[in-house]
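> structure for this input, please:
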Amino acid sequence: VCGGHGVVKRNEEIRIAIPAGINDGEMIRLTGRGEAVPRGTAGDLYVKVHVERHSVFQREGENLIMNLSVKLSDALLGAEYKIEALDGNLTVKIPEGVSPGEILRVKGRGVPLGGSRRGDLHLKVSIKIPPKLSRKTRQLIEDLRAEGL
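Below you'll find the predicted structure:
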C-alpha cells in the first residue's frame, strides 16, 4: 500500500547477468528497475562493476598475461608445459633457446569478447635457476663452460 504517496517502497533482490570480458568500472543498465516516481514509470538502475584481480592472470585490454617459470634445461632444449588457462588446461610448446622475459602467445585463449571472439594469452617466460647444484651437475655445467656455452 502506498499510503497516499503514489509509490510503494520495497527492497528486492535481483540477479544480474555479467557479460564476459566486462572491464573494471563499466556500468550495466537495468531498465525500469530503478527508483519509482509518483504516477510515473520506474527509472533505470545502474550497476557499476568492479573486477577483482586474479592471482595468476593480469589483463591488458583483450589479452591475458601469465608468468611461466621454466627450468634452465627446458629453456635450452625446449619442452612442453601443461598450464591451467582461464578456461581449462592447455599444453604449450617452449621453443629451444627461449630467453628470460620472452613472450609466448597462445592465440584465442585470452579475454572473451562476445560471440566466439577472444583475445590472446601471453606467457611471460622466466627461467628457474637452481639454488644449489649437486657435484655431478656442477661438473656438467663446468664442462659446458669449457666448451664455450
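
> tell me the centre residue of this protein?
residue 57 (3.6 Å; C-alpha atoms, centre = their mean).

> skipping adjacent residues, who's closest to residue 68 in space?
Closest residue to residue 68 apart from its sequence neighbours, by C-beta to C-beta, 6 or more residues apart in numbering: residue 123 at 4.3 Å. C-beta coordinates here come from the backbone N, C-alpha and C atoms, glycine included.

> tell me the contacts of the residue nearest to the centre of the chain?
Going by C-beta atoms under 8 Å, 6 or more residues apart in numbering, residue 57 touches 64-66, 86.

> who's it bridged to?
When assigned by DSSP bridges, residue 57 has beta-bridge partners residue 66.

> report pLDDT for it.
With respect to pLDDT, residue 57 scores 92.

> and if you look at residue 7?
pLDDT for residue 7: 64.

> where do the helices sit along the chain?
Ranges of helices within the chain are 72-77, 135-146, based on DSSP state H.

> show me the beta-bridge partners of residue 91.
residue 82.

> ok, back up a step: which of the helices of the chain is buried the deepest?
Compared across the helices of the chain, helix 72-77 shows the largest average neighbour count, a mean of 14 (mean count of other C-beta atoms under 10 Å).

> now do the strands in this structure.
Ranges of strands within the chain are 27-30, 45-48, 57-60, 63-71, 79-85, 88-94, 103-106, 121-128, based on DSSP state E.

> who does residue 127 form a beta bridge with?
With DSSP bridges as the rule, residue 127 is bridged to residue 70.

> number of nearby residues for it?
17 (other C-beta atoms under 10 Å).

> gap between it and residue 75?
The gap separating residue 127 from residue 75 is 5 Å, by C-beta to C-beta, to the nearest Å.
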